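Visitor: For reference, the sequence and a predicted model appear below.
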Amino acid sequence: MMGPDEIESEESLVELALRVLNTADPFEKSRLGDSVATRWLNGVITHPYHPDHHLVIPDRPARLSNVKLVAPGLMPKLGKAGSLQSRIAIVHSLAHTESWAIDLSWDIIARFGKQEAMPREFFTDFVKVAQDEGRHFTLLAARLEDLGSYYGALPAHDGLWDSATATSKELLSRLAVEHCVHEARGLDVLPTTISRFRNGGDNTTADLLERVVYPEEITHCAAGVKWFKYLCQRSRKPVSDQEEQEICAVESGTTTEDDEVISKFHAIVRTYFRGPLKPPFNEEARKSAGFGPEWYEPLAIKIPIHSG
């Protein structure tokens, strides 16, 4: 397999995304992805895809077998970062999630970019996401080694890719479930995880999560929200007096279009995501990513309040 320095300029971004997906080693996957991303962002790679090329997208990206996989329900408890063992388990789990996030980012480019005739900005946004995810994986894997362990030392689950498989036929569903549900869930739990590492005396890991991973994950969720809205708006059929109706609605602070987008989001999540969403929600981070409580609160568990 060709390395990061052997990328040919006439290769399209989608062709190179496939090469990343077909790279089994997560460290090499990250290095190759970073090289592809840099070349795209610098204008060295010029074509998002070649219209006349028929490419086969793998159902499942290439992965090494060095990580023991178990069902999500059989995963050992991670603990609360109070011990070295717990801190290693949490960082390992985060690194595994990021390894899949690399594949998810390149898959959305390869699987849907040409199929949905997406604009160039779509490719650029998810190239940036892919590059970030690769950096997150590399940094977390290095932190594991600092803690005396390594990626592959503990079991993990592939639930994230199960959702990707379920949403492999429709970009709108992929954006909703992976980027507006799973990514947003990460925003909800990361502040608590950061606090636990600080309380456990591991400021190095806390700083990595707080200064690098957390702010970039907000932008990843924002990309999902942005392109979900774009697709909903692009699919709308013009109606008579539409412009006048929308101008009046914007002035009043709400739009029928917003309601339609949110209703579509709710329908998709209920179809493809198992169970309700779990509060508490990180409202500030979610707002920064471009969506408010009306998106997610109707999908949440209603926790009964017990008196006494």
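Guide: Done, it's in.
Visitor: can you pull out the helices in the stretch 151-300 of the chain?
Guide: Secondary structure of the stretch 151-300 of the chain (DSSP state H, counting those that start in this stretch): helices at 159-166, 171-174, 183-199, 203-208, 214-235, 242-252, 256-272, 283-288, 293-296.
Visitor: mean pLDDT for those helices: which is lowest?
Guide: Out of the helices of the stretch 151-300 of the chain, the stretch the model trusts least by mean pLDDT is helix 242-252, with a mean of 37.
Visitor: Pick the most deeply packed of the helices of the stretch 151-300 of the chain.
Guide: Looking across these with neighbours counted as mean count of other C-beta atoms under 10 Å, the highest average goes to helix 171-174: a mean of 21. Glycine gets a C-beta too; all of them are placed from N, C-alpha and C.
Visitor: Quick one: distance of it to the chain centre.
Guide: 12 Å (C-alpha atoms, centre = their mean, to the nearest Å).
Visitor: what does it contact?
Guide: 108, 111-112, 115-116, 118, 164, 166-168, 227-228, 231-232, 264, 268, 271-272 (C-beta atoms under 8 Å, 6 or more residues apart in numbering).
Visitor: Which among the helices of the stretch 151-300 of the chain is found nearest to residue 140?
Guide: Comparing the helices of the stretch 151-300 of the chain against residue 140 with C-beta to C-beta, the closest turns out to be helix 203-208 (7.4 Å).
Visitor: before we move on, the earlier item: of all the helices of the stretch 151-300 of the chain, which lies closest to residue 141?
Guide: When those are ranked by proximity to residue 141, the top entry is helix 203-208, at 11.5 Å, counting by C-beta to C-beta.
Visitor: one step back: make CSV from the helices of the stretch 151-300 of the chain and add distance to residue 122 to it.
Guide: As requested, the helices of the stretch 151-300 of the chain are arranged in CSV below (distance: least, C-beta to C-beta, whole Å):
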stretch, distance to residue 122
helix 159-166, 17
helix 171-174, 9
helix 183-199, 16
helix 203-208, 29
helix 214-235, 6
helix 242-252, 24
helix 256-272, 17
helix 283-288, 21
helix 293-296, 21
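Visitor: closest to residue 150 out of those?
Guide: helix 203-208 (15.4 Å).
Visitor: Just the CA trace of the closest one, in CSV.
Guide: The C-alpha trace of helix 203-208 is given here as CSV (Å, rounded to 0.1, in the frame of the first residue of the first chain):
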residue,chain,number,x,y,z
ASN,A,203,-3.9,17.1,34.8
THR,A,204,-2.0,16.1,31.7
THR,A,205,-4.9,14.0,30.4
ALA,A,206,-7.4,16.6,31.6
ASP,A,207,-5.6,19.3,29.7
LEU,A,208,-5.5,17.2,26.5
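Visitor: Mind giving me the packing neighbours of it?
Guide: helix 120-146, helix 183-199 (3 or more C-beta pairs under 8 Å, 6 or more residues apart in numbering; DSSP states H and E).
Visitor: May I see those helices arranged in TSV, with distance to residue 100 as well?
Guide: What follows is the helices and strands packed on helix 203-208, written out as TSV (distance: least, C-beta to C-beta, whole Å):
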stretch	distance to residue 100
helix 120-146	9
helix 183-199	12
